[in-house]
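Student: With the input below, show me the fold.
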Amino acid sequence: MLDTTRIAAELRALLGADAVLTDPEDLVRYESGWRYGKGKALLAARPGTTAEVSRLLAYCQGQGIRVMPQGANTGLVGASNPDASGDMLVLSLERLNKRLEIDPVNRTALVDGGVLLSALNEALSSHGLMFPIDLGADPSIGGMVVTNTGGTRLLKYGDVRHNLQGVEVVLADGTVLDGLNRLRKNNTGLDLKQLFVGTSGFFGVVTGAVLQVVPVPRQHATALVGCASGEAVLALLQALERELADVFTAYEVISANALIPVFAHHPDIRNPFGTSQPPAYTALVELSSTLPGAALNLAEVLEERLGAFLESDAGESITDVFMGKPEDFWSIRHHISEGLRNEGKVLAFDISVPRSRMAAFTTAAVGVLAAEYPFVRVCDFGHWGDGGTHLNLVWDEATAPVPSADLVPILQARIYELAVKGFEGSYSAEHGVGPHNQRFYDAYTPEALRRLSGALKTHLDPGRILGTTRLD
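Tutor: As a prediction, the model looks like this:
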């Protein structure tokens, strides 16, 4: 048993009296995840500088205390929460948020790992810049790095990995790796920062980052396009990329089953389909540009191109086209998850497959569930433009013939097997591994890759004190 009182006293001496929390009521918000993950923390330590993170980790390594690094705790796979033992210290980055240095000429921002995405964009706005990873949550930058966050505009801007120039990382023994590189071109060997991207803090704690930032677009144009089939969705995507790639920002796709609950439970959101049944799929198309409207009218361009597509042979599969305000159409997209929660039990999947196989995968998943679990509805939506889909499954727990506790692992195994083995896909498009996906990492990761990851873990964290995710 760890002596919490002694450890807390020694850490307060290292970090300051207000940097350590031990009261159970204060610890609750660090112990439960956004969607999954619930544990019990030994205590929460909140260092305010990289040097304090270093001292904290050196202390924990010496004492054999396991550590759960935590940013804003907005992850969806339980990777930022302690286990149930009560022996894990939560290392919160919430007070590590002082550095926020913007270089508008270099178009970079150097930030502490605990800086929130909203705070970064607020600071960038006065320079006409933004960090182009668009999310429904408000994560910390350190958390975004270790989860390699994607978002709704990955089609145009890429994920965090594509917009990261450097990182500062503290290893488990307190060693600080200063890789805060501001250069876009630096071909001098191992790109060390990529070792820590997307690994859920498995190798070290990201305490700082240098990010590429982009000009804020001056104008947007959006449309909702009804598509009779998944194949029509992909045909439209190809056509838009061929003709509008320079300004094509987002391509979100919503099935009828995911769209109907939005309007049913949010009557304040205008339904462009009125009393008509929505088509099989609705694509949310967004164009954006830094050019002024006088130089390029995006709304006219989008309307003209969609009109041309309608007149082509492929246009027969388009059922509706609605031009409208971006905020109205994005409001529909952002209320899907909430709408589905009002429909029953929701099992959310974050899956990617090659874009060319997305329609076939979705059809196969619907077919499998209709045959084996006909009481489960597929309510899919997501980022078809980058090959990602949130294949949400919904059912009425009161009438389901199988208890949810038994059904969830069965459905997970069935759908992930179909995606990974049947369609060369991934069981985690952007949410990460974490305890929620650990058994699928174990099942699908090649042994050679796990051995290499384990060797790196042994070198970087020989005491294996960091996190609950296992990538070896």
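
Student: for the residue nearest to residue 298 when sequence neighbours are not counted, helix, strand, or coil?
Tutor: Using CB to CB, 6 or more residues apart in numbering and skipping the chain neighbours, the partner closest in space to residue 298 is residue 221 (3.7 Å). For the C-beta atoms, the positions are set from N, CA and C on the backbone; glycine is no exception. Following DSSP: H, G, I helix; E, B strand; the rest coil, we place residue 221 in the strand state.

Student: May I have the beta-bridge partners of residue 221?
Tutor: residue 287 (DSSP bridges).

Student: Assess the claim that it and residue 286 are in contact.
Tutor: Yes: using CB atoms under 8 Å, residue 221 makes contact with residue 286 at a distance of 7.3 Å.

Student: can you list residues touching both of those two?
Tutor: Counting by CB atoms under 8 Å, 6 or more residues apart in numbering, the shared contacts of residue 221 and residue 286 are residue 326.

Student: Next up, the contacts around the residue nearest to residue 298.
Tutor: Here residue 221 is in contact with 286-288, 298-299, 301-302, 323, 326 (CB under 8 Å, 6+ apart).

Student: What residue spans form the domains of the protein?
Tutor: 4-92, 100-215, 219-337, 344-441 (automatic domain parsing).

Student: what's the average pLDDT for the last one?
Tutor: Mean per-residue pLDDT for domain 344-441: 96.

Student: mind checking the end-to-end distance for that domain?
Tutor: 28 Å (CA to CA, to the nearest Å).

Student: got it, and the first one?
Tutor: Start to finish, the residues bounding domain 4-92 are 17 Å apart (CA to CA).

Student: Ok, the third one next?
Tutor: Counting by CA to CA, the length from the leading to the trailing residue of domain 219-337 is 28 Å.

Student: ranges for the helices of the stretch 51-200 of the chain?
Tutor: 117-125, 141-147, 154-157 (DSSP state H, counting those that start in this stretch).

Student: so which of those comes closest to residue 347?
Tutor: helix 141-147 (20.6 Å; CB to CB).

Student: Quick check: buried residues in that closest one?
Tutor: 141-147 (16 or more other CB atoms under 10 Å).

Student: Then stretch 55-62?
Tutor: Quick answer for stretch 55-62 (16+ other CB under 10 Å): 55-61.

Student: And for the nearest residue to residue 438 once chain neighbours are set aside, the neighbour number?
Tutor: Nearest residue to residue 438, sequence neighbours excluded (CB to CB, 6+ apart): residue 470, at 6.4 Å. Residues contacting residue 470 under the criterion other CB atoms under 10 Å number 17.

Student: For residue 470, report the pLDDT, please.
Tutor: Reading off the model, residue 470 has pLDDT 92.

Student: residues contacting it?
Tutor: 202, 438, 441-442.

Student: what's near enough to touch the residue nearest to residue 463 when sequence neighbours are not counted?
Tutor: Leaving aside its sequence neighbours, residue 463 sits nearest to residue 61 (CB to CB, 6+ apart; 5.5 Å). For residue 61, the contacting residues are 172-174, 463, 465, by CB under 8 Å, 6+ apart.

Student: can we see that at 10 Å?
Tutor: 67, 171-174, 461-463, 465-466 (CB atoms under 10 Å, 6 or more residues apart in numbering).

Student: Check residue 14 too.
Tutor: Contacts of residue 14 (CB under 10 Å, 6+ apart): 20, 45, 47, 52, 55-56, 58-59.

Student: List the buried residues of stretch 29-36.
Tutor: So for stretch 29-36, counting by 16+ other CB under 10 Å, buried means 30-31, 33-34, 36.

Student: whoops, stretch 352-368 was the one
Tutor: Neighbour counts over stretch 352-368 (16+ other CB under 10 Å) mark 352-353, 355, 357-362, 364-366, 368 as buried.

Student: Return the subset of those residues lying in helices.
Tutor: Per DSSP state H, helices hold the following members of the buried residues of stretch 352-368: 358-362, 364-366, 368.

Student: Run the chain-centre distance for the helix or strand encompassing residue 409.
Tutor: Assigned by DSSP states H and E, residue 409 falls within helix 404-417. How far helix 404-417 lies from its chain's middle: 22 Å, per CA atoms, centre = their mean, to the nearest Å.

Student: same question, stretch 390-408
Tutor: That offset, for stretch 390-408, works out to 24 Å (CA atoms, centre = their mean).

Student: Can you list the buried residues in that stretch?
Tutor: Quick answer for stretch 390-408 (16+ other CB under 10 Å): 390-395, 400, 407.

Student: Could you identify the most distant pair in those?
Tutor: Between any two of the buried residues of stretch 390-408 (CB to CB), the greatest distance is 21.1 Å, for 390 and 400.

Student: picking that back up, can you classify the residue nearest to residue 438 by secondary structure?
Tutor: Residue 470 - assigned by three-state DSSP - is coil.

Student: all helices for the stretch 301-450 of the chain, in order.
Tutor: Going by DSSP H, counting those that start in this stretch, the stretch 301-450 of the chain shows helices at 326-334, 336-341, 358-372, 404-417, 423, 434-444, 447-460.

Student: Measure how buried residue 72 is and give me the count.
Tutor: Applying other CB under 10 Å, I find that residue 72 has 23 neighbouring residues.

Student: please renumber so the chain begins at 51
Tutor: Shifting the count to begin at 51 puts that one at residue 122.
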